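Student: return a 3D structure for these sequence lines:
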Amino acid sequence: MTSCETPRVTSEERAARRLDTVAAAAGALLVVAAAVVGTVIERVNGSLHVNWPPLYASWSPHLGPGTPAAVVIAVLVIVHGPPLAARLPWRRLVVLGWAGALAWTGALAMIDGWRTGIAGRLTTAYEYLTVIDRFDDLGPALRDFAHHILNNAPDHWPAHVAGHPPAAVLTFVGLDRIGLGGGGWAGLWCLTVGTSAVAAVLIAVRALAGEPIARRAAPFLVLVPSAVWVGTSADGYFAAVAAWSLALLAVAATHGTSQLPRRGAPIPAVAALASGLLFGLTCYLSYGLTLIALIAAAVLVLARTVRPLPLVAAGAAAVAVAFTLAGFSWWEGYLLLVERYYQGAAAVRPYAYWVWGNLACTVLIIGPATVAALRRVLAAAPAAGRGLRPSAGPLRDPADRLVVLVLAALFALLVADLSGMSKAETERIWLPFAAWLPAACALLPAARRRAWLTAQAVLALLLNHLLYTGW
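Tutor: Numbers count the residues shown, from 1 in each chain. Okay, here's the model as predicted:
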């Protein structure tokens, strides 16, 4: 074949591409159905407690200072992303992936302007920065933390402080203590740390499924619609901590294999311990992120090893012991949170709507390209599952290894959905699970990558320009 010839597309691949389009269209129909049904429910009885179902958002068409930058960044990633991802040295690609995600997410946030889009997000009545002064004396504040979770408790915490273990608010207390107080620094923290999840997912995918797969996934991890929420909520920061925990676990579990060649004996031990510390922190940032353990289990299954587990457990236990000795009981906090959850909007939000309406939110944060790629993941799942049998040995096909990793993230998301503890607002709450799903786009055909990247960018730009997203 000469360089000017295009690769021949088989009838099988043509059929697969048609099914990709059908899957993306089905995702769009799910969103339309959720919007129509949700609007009817909200107008009839107001039980959804959202202005623009299924999203926690309001209709607000607007342009802003971030508009030109967002459009330019989208075009650059669409045009230059795939070839750069294919040829850049690996470390530069990881850094550029993070930088690209930071630029894209920051530009989207700036469509709403500096104050509304970044600096004011964590200063509202529901957010963490409103209670910073209540942590001047850290010991008593932690010992008394659980006593202020319920809505009928004296001086009860605002929604987001009550809804999370204390590591969430302590992050912003810590920033304030080192002179980085206020909404601007808090917003930049969430924006910068949150976008680092792209680098973490790239590292994990490379360790588990090989570098070619990770390179193909890179542009899709950058240009994802979930950036609309990563840049405007602390949940993006939580997603990054969870992602780095899993990335370090993948490095520890696969070090010395063909996926990740051995380069120094201490690396697995250090990575495993750091993974455990970050997993412990993840659990004290958000109760629901204990489900990240499901993805961690898939990492160990793919690596065919449990060697990192003792150090991972030691790291996680160290975090738990530290908070317990400081006076906060995770389990007590969780039980009180469940009680508070049903003291508010969750008591009337209908499970029958949100159990599928949440999935429509997920379609919007992962985008049509990821929906199409998930179709390929589900189609490949039976074969990948057979390859996981103990008698089959390790999975050799990198695509099958990616399939298992993505399925684990999807499973964790579905467990969160069925739990009933995620009724609405999942466009931000599920960012830690959704961060892994765009990696499936590595399975999309090379000839269609720019088209799918365009669809991702257009959706994100429409969401940010037509809606004002809450939280």
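
Student: the closest residue to residue 387 other than its chain neighbours: what secondary structure?
Tutor: The spatially closest residue to residue 387, leaving aside those adjacent along the chain, is residue 395, at 4.6 Å (Cβ to Cβ, 6 or more residues apart in numbering). For glycine as for every other residue, the C-beta is placed from the backbone atoms N, C-alpha and C. At residue 395 the chain is in coil, as set by DSSP: H, G, I helix; E, B strand; the rest coil.

Student: so the closest residue to residue 344 other than its chain neighbours, which of the three states?
Tutor: Nearest in space to residue 344, with sequence neighbours left out and distances taken as Cβ to Cβ, 6+ apart, is residue 151 at 6.7 Å. Going by three-state DSSP, the secondary structure assigned to residue 151 is coil.

Student: against residue 286, how distant is residue 151?
Tutor: According to Cβ to Cβ, to the nearest Å, residue 151 stands 19 Å off from residue 286.

Student: between those two, which has more neighbouring residues?
Tutor: residue 286 (23 against 13; other Cβ atoms under 10 Å).

Student: pull out the buried residues from the lengthiest helix in the chain.
Tutor: In terms of residue count, the longest helix belonging to the chain (DSSP state H) is helix 351-387. For helix 351-387, a neighbour-count test (16 or more other Cβ atoms under 10 Å) marks 353-355, 357-377, 380-381, 384, 387 as buried.

Student: same check on stretch 172-184?
Tutor: Counting neighbours by 16+ other Cβ under 10 Å, the buried set in stretch 172-184 is 172-173, 175-176, 183-184.

Student: again, but for stretch 204-218
Tutor: Neighbour-count burial for stretch 204-218, with 16+ other Cβ under 10 Å as criterion, is recorded at 204-211, 213-218.

Student: of those, closest to residue 68?
Tutor: The shortest distance between residue 68 and any of the buried residues of stretch 204-218, using Cβ to Cβ, involves residue 218 and amounts to 24.3 Å.

Student: right, and that closest one touches residue 93 too?
Tutor: Yes. Because the distance of 6.2 Å satisfies Cβ atoms under 8 Å, residue 218 is recorded as touching residue 93.

Student: just to revisit the earlier point, off-centre distance for the longest helix of the chain?
Tutor: Here helix 351-387 is found 14 Å from its chain centre; the criterion is Cα atoms, centre = their mean, to the nearest Å.

Student: sorry, back to before: what do residue 218 and residue 93 both touch?
Tutor: Listed contacts common to residue 218 and residue 93 are 85, 202; contacts here mean Cβ atoms under 8 Å, 6 or more residues apart in numbering.

Student: which ones are touching residue 56?
Tutor: When the contact criterion is Cβ under 8 Å, 6+ apart, the partners of residue 56 are 50, 424-425, 427-428, 469-471.

Student: now with 6 Å, please.
Tutor: The contact partners of residue 56, by Cβ atoms under 6 Å, 6 or more residues apart in numbering, come to 50, 425, 470.

Student: grab the nearest non-local neighbour of residue 49.
Tutor: Nearest to residue 49 is residue 345, by Cβ to Cβ, 6+ apart, at 4.1 Å.

Student: same question, residue 181
Tutor: Leaving out its chain neighbours, residue 181 is closest to residue 175 (Cβ to Cβ, 6+ apart), at 6.6 Å.

Student: gap between the one you found and residue 109?
Tutor: Using Cβ to Cβ, one obtains 18 Å as the distance from residue 175 to residue 109.

Student: tally of neighbours for residue 88?
Tutor: Residue neighbour count, defined by other Cβ under 10 Å, stands at 16 for residue 88.

Student: same check, this time on residue 85
Tutor: When neighbours are counted by other Cβ under 10 Å, residue 85 registers 24.

Student: on the pLDDT front, check it for me.
Tutor: Confidence at residue 85, expressed as pLDDT, is 98.

Student: so where is this structure shaky, pLDDT-wise?
Tutor: Within the chain, the segments meeting pLDDT under 70 span 1-7, 256-266, 391-393, 471.

Student: so where do the strands sit in it?
Tutor: Taking DSSP state E as the criterion, the chain carries its strands at 57-59, 467-469.

Student: the ones you listed: which one's closest to residue 79?
Tutor: Among the strands of the chain, the nearest to residue 79 by Cβ to Cβ is strand 467-469 (27.0 Å).

Student: for the closest one, name the packing helices and strands.
Tutor: strand 57-59 (3 or more Cβ pairs under 6 Å, 6 or more residues apart in numbering; DSSP states H and E).

Student: mind listing what's buried in the strand it packs on?
Tutor: Residues of strand 57-59 classed as buried by neighbour count (16+ other Cβ under 10 Å): residue 57.

Student: tell me which residues are up against that strand.
Tutor: For strand 57-59, contacts defined as Cβ under 6 Å, 6+ apart pick out 51-52, 467-469.

Student: for those, which one is nearest residue 156?
Tutor: Among the contacts of strand 57-59, residue 51 lies closest to residue 156 (Cβ to Cβ), at 24.8 Å.

Student: what count of nearby residues applies to that closest one?
Tutor: If you count neighbours by other Cβ under 10 Å, residue 51 ends up with 16.

Student: contacts only, for it.
Tutor: residue 58.
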